[in-house]
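A.B. asks: Quick one: sequence plus predicted model below, questions after.
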Amino acid sequence: MATVECGRCDETKEHLTEPPVGGELGDTIVQRICADCWGEWRETSARLINHYGLNLGDSAHRQKLRSAMKEFLKLEDKPKE
Ligand SMILES: [Zn+2]
């Protein structure tokens with residue numbers, strides 16, 4: 001079974017079998033985040049969407065949620081050159 005040393009909970013656990021979001025970020029999540037932490041984010045994101053009344057059809061709202069996700073999962077943007 002494929003595992004990952006999770007960057008959020010610091011445990012070696014099973015990772016996701018496929019990227020949960022599109023693009024490079026999805027690949028990063030598979031490589032660095034365990035399935036359990038992703039599950040926690042899914043619950044948290046549902047709460048945030050309700051709490052802030054986020055509309056995922058709105059790109060500014062999607063951006064806000066994406067920033068919250070990176071913070072939650074301890075993913076950092078690559079330093080700009
Ligand atoms: Zn984890």
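C.D. replies: Here it is on my side, so go on.

A.B. asks: SS state for the nearest residue to residue 26 once chain neighbours are set aside?
C.D. replies: Of all residues not flanking residue 26 in the chain, residue 19 sits nearest, at 2.8 Å (C-beta to C-beta, 6 or more residues apart in numbering). Placement of C-beta: from N, CA and C, glycine included. Under DSSP: H, G, I helix; E, B strand; the rest coil, the three-state class of residue 19 is coil.

A.B. asks: quick one: residue 19 and residue 30 touch, right?
C.D. replies: Yes: in this structure residue 19 lies within contact range of residue 30 using C-beta atoms under 8 Å: 5.4 Å.

A.B. asks: of these two, who's got more company?
C.D. replies: residue 30 (18 against 15; other C-beta atoms under 10 Å).

A.B. asks: For that one, pull up the helix or strand it's in.
C.D. replies: Assigning secondary structure by DSSP states H and E places residue 30 in helix 23-32.
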